[in-house]
Each structure stands twice: as structure tokens, then as C-alpha cells.
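[1] quick one: sequence plus predicted model below, questions after.
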Amino acid sequence: MTWFARNVTTRLSWLGLTRADLAEALDVGPASMSGTLQAARPRKASVARIAAALGLDPTDLLAEEATGKLLEPHPGMALSDPTEAKVAAMRARLPARQDVGRRSFAKESRSGDPS
């Protein structure tokens, strides 16, 4: 298990949540979440989204030694909250996704005009 996966799992456990709850909050499938956590070098964007959902800085999740921040309260969430409320609190912390599809990017780069 990578440090990243271990730190995410520690944070989830402390919050009383599962990887499936995190996947739901991030609107990704369980297989995608598992792949991200098992990756030797997870994508920066994935680490940033997971950290935001968990109320942490990405560096906290990538640290080789667990920091005390993994066991700090989550902003906007009480440990006694039901799982649905915790998932909603994680979702609320996520930045808006930018819709950058392949077609729109290709169109932009060919024409030089983002229309």
C-alpha cells in the first residue's frame, strides 16, 4: 500500500467513512477510486480533488509519515453525522469541475479561437 493510499484510508477511517463513500462524493466508480489509490504516482489533479474532499492539503496525503492533520476535524462535518451528510460535506468542498472535453480542446488548439 502506498503512503497516499494509507493516508487516505487513515483519514477515511477516522471520519467513519469508506472508500466507497469517497468515490460517491467524488462521483467516480469504485474501480476508478481503487486504481487511483493503488497508483505508484497518482495524478496531481486526483490527489488535489481527494484532499479537498477530505478537508486536507494534498501534501498531507502524500507525506511518508502520517501527520496529525489526518486526525483533525473536517470543516463542515461532525463525526456523529450520518454517512449521507458526511458525503455531502465532502462534495461541498470540491472545486467545480471544468468541462474540457477532447473536442473542445482540439477545436481551440486548431483554430486558436476558443469559440
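    Nice, thanks for sending it over.

[2] give the contact list for the residue nearest to the spatial centre of the chain.
    Note on the chain: the residue nearest the mean C-alpha position is residue 50, at 1.2 Å, using Cα atoms, centre = their mean. Applying Cβ atoms under 8 Å, 6 or more residues apart in numbering, we find residue 50 in contact with 8, 22, 26, 36, 61. Bear in mind the C-beta positions are built from the backbone N, C-alpha and C, glycine included.

[3] helix or strand next in line after the longest helix seen in the chain, which one?
    In the chain, ranked by residue count with DSSP state H as the criterion, the top helix is helix 3-15. Next helix or strand after helix 3-15 toward the C-terminus (DSSP states H and E): helix 19-26.

[4] just give me the neighbour total for the residue nearest to residue 47 when sequence neighbours are not counted.
    Leaving aside its sequence neighbours, residue 47 sits nearest to residue 58 (Cβ to Cβ, 6 or more residues apart in numbering; 4.8 Å). Look at residue 58: counted by other Cβ atoms under 10 Å, it has 17 neighbours.

[5] contacts for stretch 24-33 next, please.
    Outside stretch 24-33, the residues touching it (Cβ under 8 Å, 6+ apart) are 19-20, 22-23, 36, 49-50, 53, 87-88, 90-91, 94.
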